[in-house]
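A.B. asks: The amino acid sequence is not available; the structure is as follows:
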């Protein structure tokens, strides 16, 4: 007998993951070139050659086992990760963002998903509340539930998909332990501007005083470097003292399967020392133990590497312009690699199913707490986008959109 | 403010991990060659060259990103892991142990720690009980607590350190959801013989009928291949239908930092289909997402590789004979790479502290639910063992042991 929670999960499961599997099945049936799979954020650009060079060099030169004091390649290290790796990342962040971190502010994690879970484990008691701005990465709900906390959602402005800050203020209670933000945003591609972040910081400060609590701002930033149209990479610790950052190299170095990321806790955060030690302990006791060792060391050598933003930018323009011309209403993405499209049918699940008829795989907005829309992950090849446009034209026609005619 | 659980954890924390950090500090102070660190199971034998060759070959030949259907090197795959990798491991187990597994029976995991956590998440409801045979790997207690389940301990026979099966029978209740066994055992080095496993299986069958429940036997087997004195590698699914296996390559391929292992759920286990899907979901929702991708593929190419058991065997003999001659009472290890030593002082923590005076780092038995003993991890260099013996002689003297004189 599986647990009650899992019995429930078996009924729902992840719409994104189900689509990923369905896409593979459709590709086998119709040929990969005839299926347009926009379901998963699996980067289409390869990992930088520097990453492979770093791995090769590590294999050639580093100590393969646990000689004391050396950067042992495959051995255990502190649960927070190699000190040298954490220091290298701190130095890199300090150079880029004017921060003042040190190795002790960082914990290397099994991706951002691992990072958010160990942050949540460290700060959440049963009954606590975490606020998220809809639409949001649907897994946040599971992550909060792992620690018996609830997820409270704040509605977006449906024109800009910026968060509704009045609604944020209304939703904060004495139980609010954290607000999780994700900018550039999955699934909308929207960026929260400095003014927005300043306003959010001010609201959190005010509410902390009102309730006499600490409210942590958790910045989930796997898309930090994926910005377009002159937007700048940002680092949110400067807007609010109690900010904790969760980062992943999945998108910036195209390493989603390797599960490598980090958490940053600034010294100025409330109870920073306990937080850092708590997150280390959570990393161990939740079963991560440490971030994968070889990859930890390899990414530390690739901190100046950049993914090919122009590659995604080309896809962005092609898909946004193509779909807009066909009559679809799209939010123009400013970052990340997702396009957020208003469903022309009232029930967006019906629209997703209609898309499948033309071999178009999209994810329903309901999976992100925002029905009535769909998400397209355009981290695919240019060819896939080009070849998908005639299929979208057919879909537009079948939905009665006329702008494209 | 950190959560109540973490506040509590900050007071306790892991004795093993604290010792690991203390060992590094002592090594920096006195020189690594003058510190005898027996605290952590960090293998001293290097990973096999075949592992490095596999990684190099993968970097040279595999598809680095997500082309459909290929074994993409660093991309997302199903949460259970690459099908090809799971099939290769199933085939290897079937050849070695006469089992009949298929790719669908396996879930690749972030080490055995990740594996046990996702098994626990899948089967445990709040208030459920997991039974462990003392002494046991202390983290089991945290893993059960992650899902609000309790750990119930069964006492060992203090002569043989085999489990007391009458005590097992007495401890099983309607709340018992699982028994976790670890053979070859950490921390004692004892192996549970086929007759013992058959008796355990019979007890579990009987109790399942009595209570009308399913009780899973969880076999945590990172030390499966580390057996001495003509003992055979064993695979526990043959003794009891409801067996789930958690494996790690940490010790067998000397890759503890890489966090790579797998879970096996046989088709004959109760609710096998739901278990498998539940464990996949738990892998995702607890934040592991999937086992690290490059390393998954590399270990699949090293399934015939063996660690140098003779290396550990030499250490085993040197340490067991050396300490026994000095008058210490030791359990002779049959497997794994730990020596379990009776504390000559009533309070084994005082004995551990006495050891530190001679730069000997041991872990207190209390960390394994069995005070009055200490654990020595002899997965160190031969030189460390040789050089430690005079220090143990001094320790024996300071504790009033006379056999060595």
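C.D. replies: Looks like it arrived, so ask away. Please read all numbers here as calculations on a predicted model, not as lab measurements.

A.B. asks: Which stretches in chain A count as helices?
C.D. replies: Counting by DSSP state H, chain A has helices at residues A:4-12, A:15-30, A:49-61, A:83-97, A:111-123, A:139-145, A:165-171, A:194-211, A:272-285, A:293-300, A:309-325, A:348-357, A:382-398.

A.B. asks: Would you mind finding the most buried of those?
C.D. replies: Compared across the helices of chain A, helix A:111-123 shows the largest average neighbour count, a mean of 28 (mean count of other C-beta atoms under 10 Å in any protein chain shown). Any C-beta I mention is one placed from the backbone N, CA and C, and that applies to glycine too.

A.B. asks: average pLDDT for it?
C.D. replies: Averaged across helix A:111-123, pLDDT comes to 98.

A.B. asks: Equivalent analysis for stretch A:47-63, please.
C.D. replies: pLDDT averaged over stretch A:47-63 gives 91.

A.B. asks: Help me see whether that stretch makes contact with chain B, please.
C.D. replies: Yes - counting by C-beta under 8 Å from any C-beta of the partner chain, chain B is contacted by stretch A:47-63 at A:47, A:52, A:55, A:56, A:59.

A.B. asks: tell me how far that stretch is from the chain's mean position?
C.D. replies: 26 Å (C-alpha atoms, centre = their mean, to the nearest Å).

A.B. asks: What lies in contact with that stretch?
C.D. replies: The contact list for stretch A:47-63 (C-beta atoms under 8 Å, 6 or more residues apart in numbering or on different chains) reads A:70-73, A:253-255, A:294, A:297-299, A:301-302, A:305-307, B:52, B:55-56, B:59, B:64-65, B:73-74, B:294.

A.B. asks: same thing but 7 Å
C.D. replies: A:70-73, A:253-255, A:294, A:297-298, A:301-302, A:305, B:52, B:55-56, B:59, B:64, B:74 (C-beta atoms under 7 Å, 6 or more residues apart in numbering or on different chains).

A.B. asks: cool, and stretch A:381-392?
C.D. replies: By C-beta under 7 Å, 6+ apart, the surrounding residues in contact with stretch A:381-392 are A:36, A:44, A:314-315, A:318-319, A:322-323, A:326, A:358-360, A:378.

A.B. asks: what's the nearest residue to the residue of the stretch 101-250 of chain A found nearest chain B if we skip its chain neighbours?
C.D. replies: Chain B sits closest to residue A:117 of the stretch 101-250 of chain A, with a gap of 3.6 Å, by C-beta to the nearest C-beta. Distances taken as C-beta to C-beta, 6 or more residues apart in numbering or on different chains place residue B:287 nearest to residue A:117, at 3.6 Å, with adjacent residues excluded.

A.B. asks: Thought residue A:113 was touching the one you found, still the case?
C.D. replies: Yes - using C-beta atoms under 7 Å, residue B:287 is in contact with residue A:113, at 4.1 Å.

A.B. asks: Quick one: name the residues of the stretch 101-250 of chain A near chain B.
C.D. replies: A:110-111, A:113-114, A:116-117, A:122-125, A:139, A:142-143, A:146, A:214 (C-beta under 7 Å from any C-beta of the partner chain).

A.B. asks: got a list of what the residue nearest the centre of chain A touches?
C.D. replies: The centroid of chain A falls nearest to residue A:222 when counting by C-alpha atoms, centre = their mean (4.7 Å). Residue A:222 makes contacts with A:112, A:247, A:248, A:250, A:251, as judged by C-beta under 7 Å, 6+ apart.

A.B. asks: Can you tell me which of these is closest to residue B:87?
C.D. replies: residue A:250 (25.8 Å; C-beta to C-beta).

A.B. asks: sorry, back to before: Provide the backbone phi and psi angles at the residue nearest to the centre of chain A.
C.D. replies: Backbone torsions for residue A:222, taken as degrees, to the nearest 10, come to phi -70, psi -20.

A.B. asks: now for the helices of chain A, which one comes closest to residue B:397?
C.D. replies: Ranked by C-beta to C-beta, the member of the helices of chain A that lies closest to residue B:397 is helix A:272-285, at 36.7 Å.

A.B. asks: Helix B:272-285 and the lowest-mean-pLDDT helix or strand in chain A, what's the angle between them?
C.D. replies: Least confident helix or strand, chain A: helix A:15-30 with a mean of 83, by mean pLDDT, DSSP states H and E. Counting by axes from the mean of the first three to the mean of the last three C-alpha atoms, to 10 degrees, helix A:15-30 points 120 degrees away from the direction of helix B:272-285.

A.B. asks: In contact with the residue nearest to residue A:245 when sequence neighbours are not counted: list those residues for me.
C.D. replies: Sequence neighbours aside, residue A:264 is the residue nearest to residue A:245 in space, at 4.2 Å (criterion: C-beta to C-beta, 6+ apart). Contacts of residue A:264 were listed using C-beta under 7 Å, 6+ apart, and they are A:101, A:105, A:106, A:245.
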